[in-house]
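Student: what would the 3D arrangement of this be:
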Amino acid sequence: MSGFYSINSPNRLFERLTERFTVFNKSPSEDGIFDVVFPLYHLREWIHPSGHQSYKDKTPGSFTREESLHSALHYMPEYRVIRNICNNAKHFDDNDLSIRTKVYKGARAGLMTCGDSLGVTHFLVDGVEIRKIFWLVYRMYFEYFNPVSPATDTEHWAFGDLEAQPV
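Tutor: Numbers count the residues shown, from 1 in each chain. Sure, this is the predicted structure:
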């Protein structure tokens, strides 16, 4: 990509996603959803621009890493939610989101995460806090960009609700 943007590769888009996702996790907002949902949805296409056509006749065992990620995200329910949110924002197409979403202002038991302010806003889709939905898809990208080899891994990570923590 040329022109004004320094976001010109999948790696750079992932870096941008990481920056925006970190901010959103600390202070969820409507603007934050907008900043996070587009790269969460479109990074898949940046990583594997050839799409499904390039591997539709292959067996999953012969997929490249990019094809495996592309396919796994396609079937992931959380990624479908992100697709619906993204398309809603791009095309003003409700696609039933209005009946599936809720917004709660102020800390709520069962929705808060460690570090949330008492004034946090919770965005829910199908009763699930959106940060959890985003996290599951972000984690797929994180693991793609940060592959761990079991033979050389000296530090293991356990994924919590919203951040990786060493164990």
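
Student: and the next helix or strand past the helix or strand encompassing residue 98?
Tutor: Element membership of residue 98, judged by DSSP states H and E, is helix 97-100. Toward the C-terminus, helix 97-100 is succeeded by strand 101-105 as the next helix or strand (DSSP H and E).

Student: contact partners of that following strand?
Tutor: Strand 101-105 has contacts (CB atoms under 8 Å, 6 or more residues apart in numbering) with 111, 119, 121-125, 127. All C-beta atoms are positioned from the backbone trio N, CA, C, and that covers glycine.

Student: continuing past that strand, what's the next helix or strand?
Tutor: Remark: after strand 101-105, the chain's next helix or strand is strand 121-125, criterion DSSP H and E.

Student: tell me the helix or strand right after that next one.
Tutor: Sequence-wise, the next helix or strand downstream of strand 121-125 (DSSP H and E) is strand 128-129.

Student: could you list the paired strands of that next one along with their orientation?
Tutor: strand 121-125 (antiparallel) (DSSP bridges).

Student: list the contacts of the strand it pairs with.
Tutor: So strand 121-125 is contacted by 28-30, 33, 81, 85, 97, 100-106, 108, 111, 129-130, 133 (CB under 8 Å, 6+ apart).

Student: re earlier: of the contacts of strand 101-105, which is the most crowded?
Tutor: When neighbours are counted by other CB atoms under 10 Å, residue 123 leads the contacts of strand 101-105 with 22 neighbours.

Student: where in the chain is pLDDT low?
Tutor: Scanning the chain for pLDDT under 70 picks out 1-4, 91, 93-95, 149-167.

Student: now the helices for it?
Tutor: 10-26, 30-47, 65-75, 77-91, 97-100, 130-145 (DSSP state H).

Student: who wins for proximity to residue 56 among those?
Tutor: helix 65-75 (9.7 Å; CB to CB).

Student: buried residues in that closest one?
Tutor: 66-71, 73 (16 or more other CB atoms under 10 Å).

Student: what residues does it touch?
Tutor: When contacts are defined by CB under 8 Å, 6+ apart, helix 65-75 is touched by residues 44, 47-48, 51-52, 54-55, 58, 60, 63, 79, 137, 140-141, 144, 147.

Student: quick check: residue 42 vs residue 26, distance?
Tutor: 23 Å (CB to CB, to the nearest Å).

Student: in the sheet, who's paired with the spatially closest residue to residue 130 that is not a sequence neighbour?
Tutor: Once flanking residues are discounted, residue 130 sits nearest to residue 123: 4.2 Å by CB to CB, 6 or more residues apart in numbering. Counting by DSSP bridges, residue 123 forms beta bridges with residue 103.
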